[in-house]
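A.B. asks: One predicted model, sequence on top.
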Amino acid sequence: MLKIADVEFSSRLLTGTGKFRSSTDMLAALSASGSALVTMAMKRLDLAQGTEDILAPLKQSGVKLLPNTAGARSAKEAVFAAELAKEVLGTNWVKLEIHPDPKYLMPDPIETLKAAQILCEKGYIVLPYIHADPVLCRRLEEVGCAAVMPLGSPIGSNQGLITADFLRIIIEQSNVPVIVDAGIGAPSQATQAMEMGADAVLVNTAIASSPQPEVMARCFASAVQTGRDAYLAGLGVVSSHAVNTSPLTGFLTSGS
Amino acid sequence: MSFIDVFKNIPQAELQLALYSTTPQQVERALQRPRGNLDSLLALLSPAAEPYIEQMAAQSVALTRQRFGANLGMFLPLYLSNLCANECDYCGFSMSNKLKRKILNTAELDSEIQLIKAMHYDSILLVSGEHETKVGIDYFSNVLPQVKRHFNHIAMEVQPMSIMDYATLVEQGLDAVMVYQETYQRQTYAAHHTRGKKKDFAYRLETPDRVAQAGVDKIGLGVLLGLDDWRLDALLMGHHLAYLEQQYWRSRYSISLPRLRPCTGGIEPKVVLTDRGLVQMICAFRLFNHELEISLSTRESPALRDNLFPLGVTHVSAASSTQPGGYSNPDTELDQFDISDDRSSRQVANAIMQKGLNPVWKDWERAWM
């Protein structure tokens, strides 16, 4: 089972709540995904007016909500967003995302580390969204982050794991769960991440923007499971040439 | 360094010639690599791209949904004043127009705010004529805190200001500034702006630089379509956008594509932009810049707007009034221009949902900004 900060999750697929056509579509997809941890932008919640409230149906559905700090451009804004989430949703979990660049939404490593340190000291369970930077992952782990969330490719881009080589290093080194976030556009890419040994993946755009979000959510659920099973079973070694059974050294073991 | 330094080296006559001599082959090449490529933008804005409009629309829809999901942001203009010290022959607020002039006081502003909140809006566009002495930084500094208490997102469309004034307003919660060049063609600009500070083409052209330097989150560009050759104006706006993105990576950008509308004492468009042309422009900009916000106002008819909602726009106003105090007293005839889509915000929201899209009222949180 996936375990983040002593909480166990039945599914290794995390999902989001943005970009759906309606809350009906969203709930159907979340349910089909089997996801047990669902992220949601604090900036979208209208706490004063309660119009187009996406919160009520989410709460009813029983999934664990992971508030995110999307929209924050600095550590200060992100910390404030986390505090707001705690006050409103009663959770000290936060997906930390800080992107001062509104075009490619690239996470700011400096502000993220700063905010992570502050929030961890305050007792938050911090899951930072970052570039696939192995050293930054180490640093975030050192300040107390409960998991790391490196990107596969630019958020919403559906380009898959273009950071694969660095994800491998992160997965190899990490002592906290590695959740591959952003850029996963097809179930096969989710499988690939899980086969590499990622602890979980987060998928939003590929599900929410699909013409059939519910069907796509189900596809991702089984893709994640398949990748995990394959990882546990142990994949064969990739070789560039055909390998037959020990043509050179077979004599050492063959009973002659 | 500001855009004016870049602008004076843009060969406008050559670009115009290129626009009208683009070949289908160049359009097809542009469709292969439209992103961030100004040559491709030129080809996609050219008459030669017209036969490719369906293909452009298909790409535009897909790119817009991928980036923005099913969301369409809802906003509303709030007119603070119709005083103006400029003479612009296309605008109802022009100083020589015999129009009752009005500046909202605190009580009137409050009454407008209450009515707008009742329509569920959380994103507001403050608009005024350009009158620096009576409706300048002092007035804006007075009203901004009052408005920010009720709206998470505040944009402004007022006269160009200094970096310092913009910075003051950012401190008070200003999130976006819309400043439309109207036309990038100097002679045309001079012909339409005959009195007042707006005559200064260069000062206006440099305004987005100042807005960005003051740390405003979002910058809106626009041209008034109909003043001159829209293809060239749109292309030059593309050059402006590309420059700004290169210089100011922390800013978010939006464009508006207003077509000239009837107003008191107004002029006829020199060049008519057809519906087909408008669609071509929206799609060309989406293919050029996947992240660009594109705003659609109530200048357009309900039927056209309903068809444009899915095509590439990201922000929509509904049930707008274009006069100060217009939500409290609708029929006082102080308007800047006549709107065309007069449906209620609820009706427009329903039309959006019928297109399989999601009207978003709140997407910003003032508390942590």
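C.D. replies: The structure has been received and is ready for your questions.
A.B. asks: so how many other residues sit close to the one residue in chain B that gets nearest to chain A?
C.D. replies: Here chain B gets closest to chain A at one residue, B:G69, 2.3 Å apart by CB to the nearest CB. In short, each C-beta sits where N, CA and C put it, glycine included. Residues within reach of B:G69, counting by other CB atoms under 10 Å in any protein chain shown, total 21.
A.B. asks: Which helix or which strand is home to the nearest residue to it once chain neighbours are set aside?
C.D. replies: Counting by CB to CB, 6 or more residues apart in numbering or on different chains, the nearest residue to B:G69 once its immediate chain neighbours are dropped is A:K19, at 2.3 Å. When secondary structure is defined using DSSP states H and E, no element contains A:K19, which sits outside every helix and strand.
A.B. asks: secondary structure element for A:G71?
C.D. replies: When secondary structure is defined by DSSP H and E, A:G71 falls outside every helix and strand.
A.B. asks: just to revisit the earlier point, for the residue nearest to B:G69, which residues are in contact?
C.D. replies: Taking CB atoms under 8 Å, 6 or more residues apart in numbering or on different chains as the criterion, A:K19 is in contact with A:N204, A:T205, A:A208, A:S209, B:R65, B:F68, B:G69, B:A70, B:N71.
A.B. asks: Among those residues, which one lies nearest to A:A217?
C.D. replies: Checking these against A:A217 by CB to CB gives A:A208 as the nearest, at 9.2 Å.
A.B. asks: I'd like to know how many residues surround that closest one.
C.D. replies: 25.
A.B. asks: quick one: it and A:W93, what's the gap?
C.D. replies: 21 Å (CB to CB, to the nearest Å).
A.B. asks: same check, this time on B:L357
C.D. replies: Look at B:L357 and A:W93: by CB to CB, they are 31 Å apart.
A.B. asks: So which bits of stretch A:163-180 are buried?
C.D. replies: A:163-164, A:166-168, A:170-171, A:174, A:176-180 (16 or more other CB atoms under 10 Å in any protein chain shown).
A.B. asks: For residue 220, pull up the helix or strand it's in.
C.D. replies: Unless you meant another one, I'm taking chain A. A:F220 is part of helix A:213-233 when elements are defined by DSSP H and E.
A.B. asks: sorry, should have said chain B
C.D. replies: In this assignment (DSSP H and E), B:G220 forms part of strand B:218-222.
A.B. asks: Name the next helix or strand downstream of that strand, please.
C.D. replies: Note on strand B:218-222: by DSSP H and E, the next helix or strand toward the C-terminus is helix B:230-247.
A.B. asks: Residue ranges in the stretch 151-256 of chain A under the pLDDT threshold?
C.D. replies: By pLDDT under 70, the low-scoring segments of the stretch 151-256 of chain A are A:243-244, A:254-256.
A.B. asks: which residue sits closest to B:D233, ignoring its sequence neighbours?
C.D. replies: B:V223 (4.3 Å).
A.B. asks: hey, what's the one you found bridged with?
C.D. replies: With DSSP bridges as the criterion, the beta-bridge partners of B:V223 are B:E182.
A.B. asks: quick one, what contacts it?
C.D. replies: Contacts for B:V223 (CB under 8 Å, 6+ apart) come out as B:Y180, B:Q181, B:E182, B:T183, B:Y184, B:W230, B:D233, B:A234, B:M237, B:L257.
A.B. asks: Now, the contacts of A:K19 that are in strands?
C.D. replies: Helix and strand membership here follows DSSP state E; of the contacts of A:K19, those in strands are B:N71.
A.B. asks: what does chain B put close to chain A?
C.D. replies: Applying CB under 8 Å from any CB of the partner chain, one finds that chain B approaches chain A through B:65-71, B:117, B:120, B:122, B:217, B:245, B:249-252, B:291, B:353, B:356-365, B:367-369.
A.B. asks: Show only the entries of those found in helices.
C.D. replies: Counting by DSSP state H, the members of the residues of chain B next to chain A that fall within helices are B:R65, B:Q66, B:R67, B:F68, B:K117, B:E245, B:M353.
A.B. asks: So what's the residue count around residue 97?
C.D. replies: This is for chain A. Around A:E97 there are 27 other residues, counting by other CB under 10 Å.
A.B. asks: ah, no, chain B please
C.D. replies: B:N97 is flanked by 16 other residues according to other CB under 10 Å.
A.B. asks: A:A56 too?
C.D. replies: A:A56 is flanked by 10 other residues according to other CB under 10 Å.
A.B. asks: now it, what's its secondary structure?
C.D. replies: The three-state label given to A:A56 by DSSP: H, G, I helix; E, B strand; the rest coil is helix.
A.B. asks: How about the one 10 residues further on?
C.D. replies: Reducing the assignment at A:L66 to three states with three-state DSSP gives strand.
A.B. asks: Find the residue closest to residue 73 in space, skipping its chain neighbours.
C.D. replies: Going with chain A. Computed as CB to CB, 6+ apart, the closest residue to A:R73 that is not its neighbour in sequence is A:P100, at 4.3 Å.
A.B. asks: wait, chain B
C.D. replies: By the measure of CB to CB, 6+ apart, the closest residue to B:G73 outside its immediate chain neighbours is B:H315, 4.3 Å from it.
A.B. asks: Now do the phi/psi pair for that neighbour.
C.D. replies: Its backbone dihedrals place B:H315 at phi -130, psi 140, with angles given as degrees, to the nearest 10.
A.B. asks: doesn't B:N71 make contact with it?
C.D. replies: No. Counting by CB atoms under 8 Å, no contact exists between B:H315 and B:N71, whose distance comes to 9.7 Å.
A.B. asks: can you tell me which residues contact B:I116?
C.D. replies: Listed by CB under 8 Å, 6+ apart, the contact partners of B:I116 are B:L76, B:L78, B:I124, B:Y327.
A.B. asks: Smallest distance to chain B belongs to which residue of the stretch 151-256 of chain A?
C.D. replies: Relative to chain B, the nearest point of the stretch 151-256 of chain A is A:S209 (5.2 Å; CB to the nearest CB).
A.B. asks: Distance of B:G73 relative to A:R12?
C.D. replies: Distance of B:G73 to A:R12, given as CB to CB: 33 Å.
A.B. asks: element containing the residue of the stretch 51-200 of chain A found nearest chain B, please.
C.D. replies: Per CB to the nearest CB, the residue of the stretch 51-200 of chain A with the smallest distance to chain B is A:F80, at 3.5 Å. Here A:F80 sits within helix A:75-89, counting by DSSP H and E.
A.B. asks: Return the distance of that helix from the chain's centre.
C.D. replies: Offset of helix A:75-89 from its chain centre (CA atoms, centre = their mean, to the nearest Å): 20 Å.
A.B. asks: And whichever helix or strand comes after it, what does it pack against?
C.D. replies: Heading C-terminal from helix A:75-89, the first helix or strand you meet, by DSSP H and E, is strand A:93-96. Strand A:93-96 makes packing contacts with strand A:64-68, helix A:75-89, helix A:109-121, strand A:125-130 when contacts are defined by 3 or more CB pairs under 8 Å, 6 or more residues apart in numbering or on different chains; DSSP states H and E.
A.B. asks: Please list all residues in contact with B:L115.
C.D. replies: Neighbouring residues of B:L115 by CB under 8 Å, 6+ apart: B:Y327, B:S328.
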